[in-house]
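1. Make a model of this:
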Amino acid sequence: TKGVVITGPNTGGKTASLKALGLAVCMAKCGIPVPAEAPVKIPCFDAVYADIGDEQSLSASLSTFSGHLKRIEGLRQESTGKSLVLLDELGTGTDAIDGAALGIALMNTFARDGPGGSGLTLVSTHHSVLTSLKYENASGRDANNLFENASVEFDEVNLQPTYKLIWGVPGRSCALNIAERLNVDAD
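-> Numbers count the residues shown, from 1 in each chain. As a prediction, this is how the structure comes out:
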């Protein structure tokens, strides 16, 4: 598996999952025990690169979208076929169709071996079309092994994350349920 697409609701724990994995990899590289149930098997990544957060800047004329793109291009130039790449909210800040298309292209780019590729790329996104990468991809490799889906488990009754990652299953947004629970006017 070269890429994992994590979907699920806002406040569901997608970003927390990315951060937890990045931290666990850095801890393992430093010889610090990873707080997880045994056995823990973490690949030896040469570096960890992340685009998490918002880099918009009025003084630098960077919107949320352009800030993400600038950071992603910078880490793509540094990444090798042995790096861990973590991308939060991939394709956000622009038209949904364009953002999803860009997300698919970036996932296929990072799935390559060598410079500009990654050993593993994890992305969080609300673009459900990215979950189709598991079944179709443009890289020419076996799609069933190249990409995987994961989702964050979410308690829809209490609107709280459980902080469990479910492997192999895309998640739902739950946006309407969350809006209703936050007393957003139904009209």
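
2. Only C-alpha atoms from now on, for both contacts and neighbour counts.
-> Fine.

3. Now do the contacts for residue 170.
-> Taking C-alpha atoms under 8 Å, 6 or more residues apart in numbering, we find residue 170 in contact with 6, 7, 8, 128, 131, 149, 150, 151.

4. mind giving me CSV with those and columns for distance to residue 187?
-> Shown next, in CSV, are the contacts of residue 170 (distance: C-alpha to C-alpha, whole Å):
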residue, distance to residue 187
6, 31
7, 27
8, 24
128, 25
131, 31
149, 34
150, 33
151, 30
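
5. Tell me how far the spatially most central residue of the chain lies from residue 46.
-> Centrality entry for the chain: nearest residue to the mean C-alpha point is residue 123, 1.4 Å, by C-alpha atoms, centre = their mean. Distance from residue 123 to residue 46, counting by C-alpha to C-alpha, to the nearest Å: 19 Å.

6. Please apply the same query to residue 21.
-> Counting by C-alpha to C-alpha, the gap from residue 21 to residue 46 is 15 Å.

7. more crowded one of the two?
-> A side-by-side neighbour count of residue 21 and residue 46, using other C-alpha atoms under 10 Å, places residue 21 first with 17 against 14.

8. Surely the more buried one is within a strand?
-> No - secondary structure assignment (DSSP: H, G, I helix; E, B strand; the rest coil) places residue 21 in helix, not in a strand.
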